[in-house]
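Trainee: Got a predicted structure here, sequence first:
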Amino acid sequence: MNTPVKPQLIVIGNGMVGHHLVEQLVEQGALERYAVTVFGEERHLAYDRVHLSEYFSGRDADSLALSTTDYYAEHGIELRLGEAVFAIDRNAGEVVTDQDRYPYDRLVLATGSYPFVPPIPGNDREGCLVYRTLEDLDAIREAAESAATGVVVGGGLLGLEAANALRGLNLDTAVVEFAPRLMPMQVDTEGGELLREKIEALGVQVLTGRATQEIVDGERSRHRMVFQDEKVLETDLIVFSAGIRPRDELARDCGLEIGERGGVVIDDNCLTSDPAILAVGEVALWNNSIFGLVAPGYQMAKVAAATLLEGDEAFKGADMSTKLKLMGVDVGSIGDAHGDRTPGARQFRFLDPLKQQYRKLVVSSDGKRLVGAMLVGDNSYYDTLLQYYANRIELPEDPASLILPAGSGAAPALGPDALPETATICSCHNVTKADVCASIDGGAVDLGAVKGATKASTGCGGCAALLKTLVDHELESRGVEVDKSICEHFHYTRQELYDIVRVEGIKTFSELMEKHGSKVGHGLGCDICKPAVASILASCFNEPITDAAHIPLQDTNDTFMANMQKNGTYSVVPRIAGGEITPDKLVVLGQVAQKYELYTKITGGQRIDLFGARLEDLPAIWGELIEAGFETGHAYGKSTRTVKSCVGSTWCRYGVQDSVGMAIRLEDRYKGLRAPHKLKFAVSGCTRECAEAQSKDVGVIATENGWNLYVCGNGGMRPRHAELFATDLSDEELFRYIDRFLMFYIRTADRLQRTSVWRENLEGGLDYLKEVILEDSLGIGEELERQMQAVVDTYECEWANAISDPEKLKRFRSFVNDARPDPDIIYTTERGQLRPA
Amino acid sequence: MTIANAAAKTMTQTWQTLCTRADLVPYSGVAAWVETPEGPAQVAIFYLPGHAQELYAIDHHDPFSNANVIARGIVGDLKGQPVVASPIYKQHFRLEDGQCLEDESVALRTWKVSFKGDEVWIEA
C-alpha cells in the first residue's frame, strides 16, 4: 500500500514577502496539506530590507534576519538557500536549479525585484554598484574604503537611503536625480525644494534635472559622470538607485502572462495565468500596478496562503500612503498627494520657510473629503490626516485648520469617537476600531490585554498613540475606571508621585504620606510604595539612603548596601569602573576574601562578587576595601550598575576609540544614580562590539568619527536588542544625550520598569524619544541636564558615609543583645570554596 | 508548612529584658536573642513610634527560605494590618499574630513585648 504523499508546494524567493508567506502558511495550517520547499538565491535567510541602511551603522546580518533556520526546521519546511531557480518547466511540473529538478504541484513566485540601472554607457565600470542586498552593501563598504566621494543616481526613497549610507561611510556624497526635484513620486515642487534645503544642510550635494549621458574615466577621481548639458561630476563610487523592476524572467520564460511594462499578472486571489502558480510581492502585477512597499506584499502573502487552502480572501489593492524619516527629515504622503488623479480636487498649502515645514491638503471638489495630503518636515499631522482620508470622515468646515501649526486656530486631533467602526487602527495587523471594541467587550480591560487579543500595535508600533487613546476612550465610555495607583497607600502612579516630589520639593516619605497619602491603614506604606518613593527621593535629591528618614524605606539590599543571598548572608561588589583594575587592588580583593572566608566569582559586568559575607562583617570588609581605594558598586540598588568595556584602541589592533577610557568616564558620571530599575551600560571600541553594548540600557560603540549611541536594550528573561539612537557623536554630545535620556526615563517610567519595557510602552516609540532627547521637542533638555548634574554633584560613596557614622553602624549588628554570629549559617566546601550547606 | 506556637504558651513564661530603645530602628526591625522554655530563639523586634501599638516581637526565622532574616524586611500595612515583608521571597506576615497573608497554613511565633521606661521587655 502506498503512503499518501502530500502535494508539493514550492516557494521561489526568500525575501521579506516570501518569508511572510511561509509564516502565513504556518499560521493558516497549510503545512498539513502541503510539503513545502523554499528556494532562496541569496545565502542569507530572509532579512529586513526596510532597515538595510542600519547594516552600516552597526547592525549585522543576524540582527536583520526575520527568522531562523530553526523555525523552518521546526515546521518541517525545506529551506534551500544559495540555490537559484533558473527555469520553470510547466509541462513537467518541475522547477530547475543548477543542482536538480524539483517537482511541484503548486508554485509561488516571490522573486521580488531588482534595482533598475539606467542604460548609460559606462554603467558597468568597476565601482558602479546597486543598493538592494546585503552583498550589495558589502560591496559598497569595500569600495568605499578606497574612495573619498560617492554619488547616488536616483533621488527617490531608496536613493536617499543609499545617500545616507554613503554619508555614513564618510564619503563626500551627492545625489543625482533625473526629475526636477527629489522624491518626485511623493512630493511636489515646494515640498521638493524644502527637502533639498534640508538634505543639503546635512552636507549632501543635490543635483536635480540631470540626465547622465555617460560615465568615463575621471581626472581627479575614478569616474567622471557627463550630463546632458555637458557639465560633469567626478566621483570614486556610483550607486544606482533609480527604481525597481520586477524579477519576472522565470515567469516570462515559461509563458505566464506578463504586463506590458513587466510584472507577473495576478488576479484578486494572487493566481497567475496558470492556476497552479501564484505570485506575490514586487514581482506581481495586480490591476496594472506593482506595489513597491512591504505592507501590500504582506497582504498578498496572506491572500496567497488562503488561496492555496481554497479560502476566498481577495487582494483588493493597497493604500500607498506612507510616512518616512529620511536622513532625519520627515516626509509623508497620503492618497492622491499630487491631486492629479481626482477631477476637480482643490488644494490647501501651508509653508513655513523658517521652520522648514510644508503641508498640503487635497480635498474633493465639494470640500467634504480628504483625497490626499503631503507633509515635509513634520509628520505629527500624519495620523489624523490618514484617518480623515482612509475612513472618508467629513472634513471640518475649515479644512485648512488641519495643517495649521498648533495654537493658531488648528483643528484638534481627531477624537476616537469620530472614527467609524470600520476605521483601520493598525494597518500591520489589519485591526479595525470594531475589533478593538470587540476585544474590550470580550473582557480585555487594559491596553496590554487589547494588544494581546488583537495584535494591534505589535507590528511597527506607529499606531500606539492612537490605539491608547481609543482604548482609554472605550474603557471610559463603558464606565471602567482604570486604576493606575501604585498601591493602596497612594492613589497616584509612580510618574505622578515623581512629579509631586519634584514640584513640591518633598524630601521624606512621611511628608509625602501626610500630604498625599490615601489615609488608609496606619500610614505605614508597604513594600511596594516605600522602595519606589525611596528611589524617587534619591533620583531627585540624592541624600544618603542610610539617613534615618530613609532607612525604613529601603529593601534589605539597600539598607545593608549588599545583596542578600538565600541563606541571609550578603554578597559584596566593589565598583571596578569599566572593568579596569590594578594588580594591587586585585590582591586586596583576594586578601579580603581570604580573611572573611568569602566565595569569589567574576560577574557578567566585569566585576568581582564576594559572596557569603555576614551582616556583622560588612562594615569591617568595607573598611578594608575603602582603605584600598574601592568604593561601593551599587550592585544592590535599582541604580547604575556597571559600564562594561572592551579593551579598545589602547591595546586592540581593531579599536578606533579608547573604549575603556570612555567607560570609566561614563561610570564615574552615572555611578550612584537611582532609577526605576537597574541600569547597565557598555562601551565597545569598534563595530566588532566585543563589549556587547547592544544588549544594554545604554550602549556606546566607537566609530571613526566618534560614538554611536544605542538605547533600551537588555538581556535577561526577554532579551531585547538596543536600538540605534544617534550616530557619530562627540564626547560632549554623548554625555548630553545620555543625561537627558536617563533623566527622561527616570521621570516617566513605571516602578521596576526596565528601559526596554518603558521604550516599548512609550507612545510614539523611538521617533518620539529621538524628538524629545535629540531635538528637544518638549523644551526640557536643559532641565533634564541640570537635574542630572545635581545628582552627579551630590554623589557620595554610601559605604564611606556609613562607616564614618557609629549610629549607622549599629544597624549592622547581628543581634542587638548579643555579639554571637547567627549559628544557623552553615557552609560546606565545593571546588575549593565555601558555599551554603 | 505549619509552625506550632501552641506548646510554648502552656509552659512557664517570664518577662525578661531584651535591649534598650536606642537599640531599635524606628519603623523598621532589629534581631535579638531571647531565652524561651525550649531554649534560645531569634526574635525580630519592630518599632513603630507614634502608633497605637509601638512594639512587636515576631519570629526572626523565615520558614520559606529557612534563613533568619525577618527583622530585615520592610514594615508596612496592608488593608489596615501592620505587616512585615520577608526580604527573601517577599511573603507578608502580620505583626499582630504572625499570620502569613499568602499562605494560610503558615504563621510565625509572636511574643508580648513592651517598654518599661527605655528598656524593652519581652514575655517568653
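Mentor: Arrived safely, thanks for sending. Residues are numbered from 1 along each chain as shown, chains lettered A, B, ... in the order given.
Trainee: Which residues of chain B lie near chain A?
Mentor: B:18-19, B:23-28, B:30-33, B:42, B:45, B:48, B:51, B:61, B:65-69, B:72-83, B:85, B:87-88, B:90, B:92 (C-beta under 8 Å from any C-beta of the partner chain). For every residue, glycine as well, the C-beta is placed using N, CA and C.
Trainee: which residues touch stretch A:43-54?
Mentor: If you take C-beta atoms under 8 Å, 6 or more residues apart in numbering or on different chains as the criterion, stretch A:43-54 is touched by A:14-16, A:18-19, A:40, A:59, A:61, A:64-69, A:79, A:81-82, A:131-132, A:134, A:137, A:161-162, A:164-165, A:168, A:294, A:724.
Trainee: which among those residues are in contact with chain B?
Mentor: Among these, no residue sits close to chain B (C-beta under 8 Å from any C-beta).
Trainee: Hmm, residue A:160 is touching residue A:326, no?
Mentor: Yes: if you go by C-beta atoms under 8 Å, residue A:160 and residue A:326 touch, sitting 4.6 Å apart.
Trainee: Pick out whichever of those two has more residues nearby.
Mentor: More neighbours surround residue A:160 than the other of residue A:160 and residue A:326, with 27 against 22 (other C-beta atoms under 10 Å in any protein chain shown).
Trainee: quick check, the more buried one in a strand?
Mentor: No: applying DSSP: H, G, I helix; E, B strand; the rest coil, one finds residue A:160 to be helix, outside a strand.
Trainee: circling back: report the buried members of the contacts of stretch A:43-54.
Mentor: Buried residues within the contacts of stretch A:43-54, counting neighbours by 16 or more other C-beta atoms under 10 Å in any protein chain shown: A:14-16, A:18-19, A:40, A:59, A:64, A:66-67, A:79, A:81, A:131-132, A:134, A:137, A:161-162, A:164-165, A:168, A:294, A:724.
Trainee: Now the element after the helix or strand of chain B with the lowest mean pLDDT, going C-ward?
Mentor: Lowest on mean pLDDT, DSSP states H and E among the helices and strands of chain B sits helix B:6-10, with a mean of 46. Under the assignment DSSP states H and E, the closest C-terminal helix or strand after helix B:6-10 is strand B:15-20.
Trainee: Could you tell me how far that next one lies from the centre of the chain?
Mentor: With C-alpha atoms, centre = their mean, to the nearest Å as the basis, strand B:15-20 stands 14 Å off its chain's centre.
Trainee: if we look at that strand, which residues are touching it?
Mentor: With C-beta under 8 Å, 6+ apart as the test, strand B:15-20 has contacts from A:816-817, B:30, B:32, B:34-35, B:43, B:45, B:113, B:116, B:118-124.
Trainee: Which ones among those residues map onto strands?
Mentor: B:30, B:32, B:34-35, B:43, B:45, B:113, B:116, B:119-123 (DSSP state E).
Trainee: how is chain A carved up into domains?
Mentor: Per the record, chain A has its domains at A:8-113+A:246-308, A:128-242, A:494-554, A:555-637+A:805-837, A:650-803, by automatic domain parsing.
Trainee: can I get those domains in JSON lines with distance to residue A:332?
Mentor: As requested, the domains of chain A are exported to JSON lines (distance: least, C-beta to C-beta, whole Å):
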{"stretch": "domain A:8-113+A:246-308", "distance to residue A:332": "14"}
{"stretch": "domain A:128-242", "distance to residue A:332": "8"}
{"stretch": "domain A:494-554", "distance to residue A:332": "30"}
{"stretch": "domain A:555-637+A:805-837", "distance to residue A:332": "43"}
{"stretch": "domain A:650-803", "distance to residue A:332": "12"}
